[in-house]
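>>> got a sequence here, can you model it:
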Amino acid sequence: MSSFAPSLADVVDTLRVEPRGDDRFVATQLDNPAHHIVGGHIAGQALMAASRTVDGRLPHSVHVYYLRAGDARHPVDFDVVRARDGGTLSTRKVTARQGDAVLLEALASFSTPVGGPAHQVTMPDVPAPESLPPVQQRLAAHADELDGYWVRPQPFDLRYVDDPPRLAIDAPEPSPRIRLWWRPAGSVSDDAVLHSCLLTYLSGTTMLETALAMRRATAVSTFNALIDHALWFHRPIDPTDWVLSDQCSPSGLDGRGLATSTMYNRSGELVCVATQELYFGRG
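All right, here's what the predicted structure looks like:
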């Protein structure tokens, strides 16, 4: 097992899809030893491709179905269909392909602010991120495992309130809930769409940990693949500050695991709600 992990610059560069005319785009993938296309990454690319066909509106939701595994050694083509442009909402359909194989289908919706009454659930009371050690420090005792996988540099600074995956699998009783603070591990341009795409990438790599923990497994100890993934963006994030992700797996059944995340900014404002379903099996 290699300790490979992309840098923040790698993630940002590959989220910036390249136009190919007529609402078509192409994007480089983040290669890895297994040549596996990361679900959250290609979902972020699909959202970025859709956003490139919308003017003056920010994403408020994206719904993704993962249909086939792709090969990260090769680029992915994204075709965008302008399904609707209304007075407040714009909807785009995105199809991701490698050759003739469809890897992903997504619907993304964009909106303009309209104001009105607002409500939200209350952020849980958790320790401040500055009081928590980086995940690499929490897992220092496992630094020799899997070629340094657990302590590798990552594109996000992660501060776990609860046990991170490697510790969670050894806990006396597995918990379906993992709360963590996160922020990009470096500077990011002032681009609200990019911030939503980074959040999409992050959610595809951390939410699944809750379903895996209930099976006493980690992402590297058992085969798993995302089936679907949905996010609702309520407020823009500040990439210079921390976001709390309150993650839970409410169900695991028939070789699938469901995961949810409710995310808040430092002020306790709701920024995103996300869900995804994970498949455990032979592919």
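>>> residue contacts, Asp10?
Asp10 sits next to 30, 155 when contact means Cβ atoms under 8 Å, 6 or more residues apart in numbering. All C-beta atoms are positioned from the backbone trio N, CA, C, and that covers glycine.
>>> now swap in Thr206 and tell me
Taking Cβ under 8 Å, 6+ apart as the criterion, Thr206 is in contact with 158, 178, 180, 182, 245, 247, 261.
>>> if the last one is in a bridge, with which residues?
By that I understand Ser261. Taking DSSP bridges as the rule, Ser261 bridges to Gln247, Ala274.
>>> next, count neighbours for it.
24 (other Cβ atoms under 10 Å).
>>> isn't it up against Ser203?
Yes: between Ser261 and Ser203 a contact is recorded at 5.9 Å, counting by Cβ atoms under 8 Å.
>>> shared neighbours, those two?
Common neighbours of Ser261 and Ser203, using Cβ under 8 Å, 6+ apart, are 245, 272, 274.
>>> quick one: which of those residues is most hemmed in?
Most surrounded of those: other Cβ under 10 Å gives Ala274, at 25 neighbours.
>>> so that residue touches Thr260, yeah?
Yes: if you go by Cβ under 8 Å, Ala274 and Thr260 touch, sitting 6.9 Å apart.
>>> give me the common contacts of those two.
Counting by Cβ under 8 Å, 6+ apart, the residues touching both Ala274 and Thr260 are Met207.
>>> once you drop chain neighbours, what's closest to His142?
Of all residues not flanking His142 in the chain, Trp150 sits nearest, at 4.6 Å (Cβ to Cβ, 6 or more residues apart in numbering).
>>> and the contacts of Thr206 as TSV, adding secondary structure and pLDDT?
Listed next are the contacts of Thr206 as TSV, based on DSSP: H, G, I helix; E, B strand; the rest coil; pLDDT from 0 to 100:
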residue	secondary structure	pLDDT
Leu158	strand	97
Ile178	strand	95
Leu180	strand	97
Trp182	strand	97
Ser245	strand	98
Gln247	strand	96
Ser261	strand	97
